[in-house]
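> below are the sequence and a predicted model for it; my questions follow.
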Protein chains: 2
Amino acid sequence: MTDAQNTIQDVENSSYVLRQLRFLVTNGDVGSNGKLPTERELSETLGVGRRAVRRALEALEAEGLVWRKQGKGTFIGQPPDPTGALAAVIAGQTRASEVAEARLYIEPALAGLCAARAKPDDVRRMRVLAERTHQTADRDAAELWDGALHRMIARTAGNRVLLTAFSLVDEIRSSDAWRALREKARSPDTNDLYARQHMHLIDCIERGDVVGAEEAMRAHLNTLSARMKHVIEDAGTVSDAAGGEDD
Amino acid sequence: MTDAQNTIQDVENSSYVLRQLRFLVTNGDVGSNGKLPTERELSETLGVGRRAVRRALEALEAEGLVWRKQGKGTFIGQPPDPTGALAAVIAGQTRASEVAEARLYIEPALAGLCAARAKPDDVRRMRVLAERTHQTADRDAAELWDGALHRMIARTAGNRVLLTAFSLVDEIRSSDAWRALREKARSPDTNDLYARQHMHLIDCIERGDVVGAEEAMRAHLNTLSARMKHVIEDAGTVSDAAGGEDD
DNA sequence: GGTTGAACCAATCGCAAAGTGGTTCACCTA
DNA sequence: TAGGTGAACCACTTTGCGATTGGTTCAACC
């Protein structure tokens, strides 16, 4: 066996491990919390050294496919957003009206920054998300796509602090009590209005119209807020008569 | 011993415990983390029942002098703000320009809401804080008073979510790296300008002028931001050429 | 020179026991 | 009879320990 052949074998060994792990990550049966087998287990299962497993995992981590933490393990995807715990604390001290109010300041700010910074590819993806929100007949799916659109706008804005504030609101609104409230506010007759508002917002973002984007987002949120308030009044007392809101 | 005398004795016993604990809380030697002795320990030390100790602690808690948590203990003052941990995480992912930018959205919003909701007593206290900020010769003290003024405006705004966003910024800005940056931006020749800006802001709040308060806060922050940017350019490269800012 | 297995280190987790505040109850006293 | 007390019980938090898991280094081997 020559040096060249040995080098080839090493290279094939490395790519074998990487391929196997990539397959596991994208298709495998991992634990309910996304946990992969330990490095030592993978080393045994794949019949390679632990160092080889580590190298492959390092590559996958660099690609953002897994995250690892010493003492804890290796998991699929990205680490959970750290705002969850704080949101749980704040939620108990927050009324629906405060969340809607905060949203009215935070999301237009993010929309404006997004208009200043979005790239053509970003805008394309926003249009796809908006389209999916309004074309699906499944209400739960519509809500997921809508949430994804708002999150994308927030991320594209490129400000970590404001994104965190947005995430905080998002986490609070994802609680069961909030979900029930939003369930009540759903109505087929507002679908067209929301679709139009979304499109107008994305148009402003595409044009780089900061002020326009802020106002479009503000108008959209005010529509949601009015709708939600209406539902609460119809249904009688719930948690907060000035509550918000959903698309 | 008559009924009247017994009632007096009970009352004196209660006030004895309350007095002792109040003294301990305000002058005592408590642990480095502000932890008081346990209820059972205090009961023994003071020679009263645990129920009496609890009643006294309940009163002190209602006065905001202590906070208590089942399983954890009883501590001086108020519970720590829950944003500290999140701020530590976010700080590492945030540039100075993002913090300054976020501040430009969050603090005017809070100033506007504060203008809508402040009571005469609130305004009086803000004036006291502003006065102290600008009359002390001690720069560190000035910074503390200034911070207290901004925090009071944020609290008076009455929105828990936005207050949390503000606290997040506050925590990030209280880190050592940020403090060093602000140290460099201090200058005696801007003291009058900042004092005027503070007074104008508080005037708007007093009048209930929401838009005026927002614009006053925005102008103030822009002055700070420009000042800080200047310092960074003079000093050459630091962490972020577009950094912010301080009073 | 690169891989490997082994050894060691630092961080995390699970668990049981201990500790701490929260609540209830029976008893005692005036 | 009302209020205080000690005891018991409950729910939550902390602590300490052993086991586990990723992070790093090193010597041996090919």
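Thanks, I have the structure now.

> so A:F75 belongs to a helix, correct?
No: applying DSSP: H, G, I helix; E, B strand; the rest coil, one finds A:F75 to be strand, outside a helix.

> tell me how many other residues crowd it.
19 (other CB atoms under 10 Å in any protein chain shown). For the C-beta atoms, the positions are set from N, CA and C on the backbone; glycine is no exception.

> find the nearest non-adjacent residue to it, please.
Once flanking residues are discounted, A:F75 sits nearest to A:G34: 4.7 Å by CB to CB, 6 or more residues apart in numbering or on different chains.

> got the contact list for that neighbour?
Shown in contact with A:G34 (CB atoms under 8 Å, 6 or more residues apart in numbering or on different chains): A:75-77.

> now do 10 Å
Contact analysis of A:G34 by CB atoms under 10 Å, 6 or more residues apart in numbering or on different chains lists A:25, A:66-67, A:73-77, A:80.

> what distance do you get for it to DNA strand D?
From A:G34 across to DNA strand D, the span is 12 Å (CB to the nearest atom of the strand, to the nearest Å).

> quick check: phi and psi at that residue.
Per-residue torsions, A:G34: phi 70, psi 20 (degrees, to the nearest 10).

> if I look at it, how far off is A:S174?
The spacing between A:G34 and A:S174, counted by CB to CB, to the nearest Å, is 19 Å.

> and if you look at A:V25?
Counting by CB to CB, the gap from A:V25 to A:S174 is 26 Å.

> and those two? Which one has more around it.
Per other CB under 10 Å, whichever of A:V25 and A:S174 has more neighbours is A:V25, with 20 against 14.

> who's in contact with that one?
A:V25 neighbours (CB under 10 Å, 6+ apart): A:34, A:36, A:57, A:60, A:63, A:65-66, A:74-77.

> which pair in these spans the largest distance?
Greatest spatial distance among the contacts of A:V25 (CB to CB): A:G34 and A:E63, at 15.8 Å.

> so which of the contacts of A:V25 reach DNA strand C?
Residues of the contacts of A:V25 in contact with DNA strand C (CB under 7 Å from any atom of the strand): none.

> could you list the low-pLDDT ranges of chain A?
Along chain A, segments meeting pLDDT under 70 span A:1-13, A:28-29, A:31-32, A:92, A:176-177, A:184-189, A:230-247.

> which parts of chain A sit against DNA strand C?
Residues of chain A lying close to DNA strand C by CB under 7 Å from any atom of the strand are A:10, A:13-14, A:43, A:48-52, A:69-72.

> what residues sit buried inside stretch A:45-54?
Buried residues in stretch A:45-54, counting neighbours by 16 or more other CB atoms under 10 Å in any protein chain shown, are found at A:46, A:48, A:52-54.

> contacts for that stretch?
Around stretch A:45-54, the neighbours that count as contacts under CB under 10 Å, 6+ apart are A:10, A:13-14, A:16-18, A:20-21, A:24, A:37-44, A:55-56, A:68, A:74.

> which of those residues are buried?
Using 16+ other CB under 10 Å, the buried members of the contacts of stretch A:45-54 are A:17-18, A:20-21, A:24, A:37, A:39, A:42-43, A:56, A:68, A:74.

> taking the residues you listed, tell me the two that lie furthest apart.
Spatial extent of the buried ones among the contacts of stretch A:45-54 (CB to CB) is set by the pair A:Q20 and A:R68 at 17.0 Å.

> helix or strand next in line after the helix or strand that contains A:L144, which one?
Assessed by DSSP states H and E, A:L144 sits inside helix A:139-156. Heading C-terminal from helix A:139-156, the first helix or strand you meet, by DSSP H and E, is helix A:160-173.

> how close does the residue nearest to A:L21 when sequence neighbours are not counted get to A:T133?
Excluding the flanking residues, the one nearest A:L21 by CB to CB, 6+ apart is A:A56, at 4.9 Å. Distance, A:A56 to A:T133, using CB to CB: 38 Å.

> helix, strand or coil for the residue of chain A found nearest DNA strand C?
Scanning chain A for the residue nearest DNA strand C gives A:G71, at 2.3 Å (criterion: CB to the nearest atom of the strand). Classification of A:G71 using three-state DSSP returns coil.

> touching, A:S167 and A:T83? I think so.
Yes: between A:S167 and A:T83 there is a contact under CB atoms under 10 Å: 4.4 Å.

> what do those two both touch?
By CB under 10 Å, 6+ apart, A:S167 and A:T83 have these common neighbours: B:L86.

> of the two, who's got more company?
Neighbours were tallied for A:S167 and for A:T83 using other CB under 10 Å; the higher tally belongs to A:T83 (25 against 20).

> A:L162 contacts B:A100, doesn't it?
No: if you go by CB under 10 Å, A:L162 and B:A100 don't touch, sitting 11.7 Å apart.

> what do the two both touch?
Residues touching both A:L162 and B:A100 (CB under 10 Å, 6+ apart) are B:V169.

> remind me which helix or strand A:T94 belongs to.
With DSSP H and E as the test, A:T94 turns up in no helix or strand.

> repeat that for A:W67.
Assigned by DSSP H and E, A:W67 belongs to strand A:66-69.

> contacting residues around that strand?
Contacts to strand A:66-69, defined as CB under 10 Å, 6+ apart, come from residues A:21-22, A:24-25, A:34, A:36, A:39, A:54, A:57-61, A:73-80.

> okay, domains of chain A per the record?
According to automatic domain parsing, chain A comprises the domains A:3-76, A:83-235.

> tell me which of the ones you listed sits most buried.
domain A:83-235 (a mean of 19; mean count of other CB atoms under 10 Å in any protein chain shown).

> so is it next to DNA strand D?
No: for domain A:83-235, no contact with DNA strand D is found by CB under 7 Å from any atom of the strand; the gap never falls below 10.9 Å.

> now that domain, how far from the centre of its chain.
Domain A:83-235 has its C-alpha centroid displaced from the chain centroid by 12 Å (CA atoms, centre = their mean, to the nearest Å).

> same thing with stretch A:74-85?
Centroid separation between stretch A:74-85 and its chain, computed with CA atoms, centre = their mean, is 11 Å.

> how far does that stretch stretch from start to finish?
When the termini of stretch A:74-85 are compared using CA to CA, to the nearest Å, they are 21 Å apart.

> which other helices and strands contact the helix or strand encompassing A:L221?
Using DSSP H and E, A:L221 sits in helix A:210-235. Helix A:210-235 is packed against helix A:96-117, helix A:139-156, helix A:176-185, helix A:191-207, with contacts defined by 3 or more CB pairs under 10 Å, 6 or more residues apart in numbering or on different chains; DSSP states H and E.
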